[in-house]
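Visitor: Generate a structure from the sequence data that follows.
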Amino acid sequence: MTGGGANGICLLDLGNTRYKWVARHRLESDAPLKRRYAGQDAAAALCRDVLAGSDCRHWLVASVRSALFNRELERRFLEAGGESIRFVAIPDEPPFGLAYRDSDRFGIDRYLNLLAARSAYPLPAIVIDAGTAVTADALDSQGDHVGGMIFPGLALLRRALGQGTDLVGAEADATVRSPLGASTEACVAAGIHHGFAGALLTMVDSLGQVLGRRATIVVTGGDADEVAAALRDHRPIVDTRLLFTGMTRT
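Guide: Coordinates of the predicted model:
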């Protein structure tokens, strides 16, 4: 990302594990940049990353981080010469129905994904965001949210098995070459791979039954390719810019 354009606007997505950003005027042409949070003084490191080599002095931010982290980021940004920062929030009267009784409990990332998907793709639709956690949300034929599901992402599954056992130890990133492993590491990799795929298929089938007809499957997030491979018979659409597109419509 070489610049922020005439208005110097940067779109910034603060996830649980990584942050991603792109200049608004380059959204259609540039892949968003991404980094893992620094171990210490993460807000300061983030500011250095995003401000370096660009004129993005206005930030539009979607954050699932804590209020404390967000306040620290805002302070660091303004100290570094940033001009304005706005954290996106779900409006009191959203432009589509939300199944949640309390919209404050609905993740801003999920909201922005749905905001973009309902106008960009045929309805009904199931939107899957595969990151630290996997979220799946269903939009009916009118574009209203009718509910969703959340379960652990691949990294969490690997970590849980490694931390929850003494001897399995989970070299779970091993390549899956067969449905059956011939070593503990291969068994772990195969089990997570096929268990993850099976969970996705069951989830999509269940949401499809609620919608009552075949739905468009839209996949985004860091593990989007793995999800798309598992759901290949459903012909999923991979859109890694979905959340940022939603940000442009707030």
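Visitor: what's downstream of whichever helix in the chain runs longest, the next helix or strand?
Guide: Ranked by residue count, the top helix of the chain under DSSP state H comes out as helix 184-211. The first helix or strand that comes after helix 184-211 along the chain, using DSSP states H and E, is strand 216-220.
Visitor: That following strand vs helix 184-211, what angle?
Guide: The directions of strand 216-220 and helix 184-211 differ by 140 degrees, with axes from the mean of the first three to the mean of the last three CA atoms, to 10 degrees as the criterion.
Visitor: and strand 216-220, which strands flank it?
Guide: Each strand that pairs with strand 216-220, with its direction, by DSSP bridges: strand 125-130 (parallel), strand 237-238 (parallel).
Visitor: which residues touch it?
Guide: By CB atoms under 8 Å, 6 or more residues apart in numbering, the surrounding residues in contact with strand 216-220 are 113, 117, 121-130, 204, 227-228, 231, 234-243. C-beta coordinates here come from the backbone N, C-alpha and C atoms, glycine included.
Visitor: Can you say which of those are buried?
Guide: Taking 16 or more other CB atoms under 10 Å as the criterion, what is buried in those is 113, 117, 121, 123-130, 204, 227-228, 231, 234, 236-237, 239-243.
Visitor: Tell me which other helices or strands the worst-scoring helix or strand of the chain on mean pLDDT touches.
Guide: Considering only helices and strands, the least confidently modelled element of the chain by mean pLDDT, DSSP states H and E is helix 154-163, at a mean of 82. Under the contact definition 3 or more CB pairs under 8 Å, 6 or more residues apart in numbering; DSSP states H and E, helix 154-163 sits against helix 184-211.
Visitor: what pLDDT does the nearest residue to Asp223 once chain neighbours are set aside get?
Guide: Take Asp223 and drop its neighbours on the chain: the residue closest to it by CB to CB, 6 or more residues apart in numbering is Ala130, 3.9 Å away. The score at Ala130 is 96. That number is its pLDDT.
Visitor: How about Ala138?
Guide: pLDDT recorded at Ala138 is 98.
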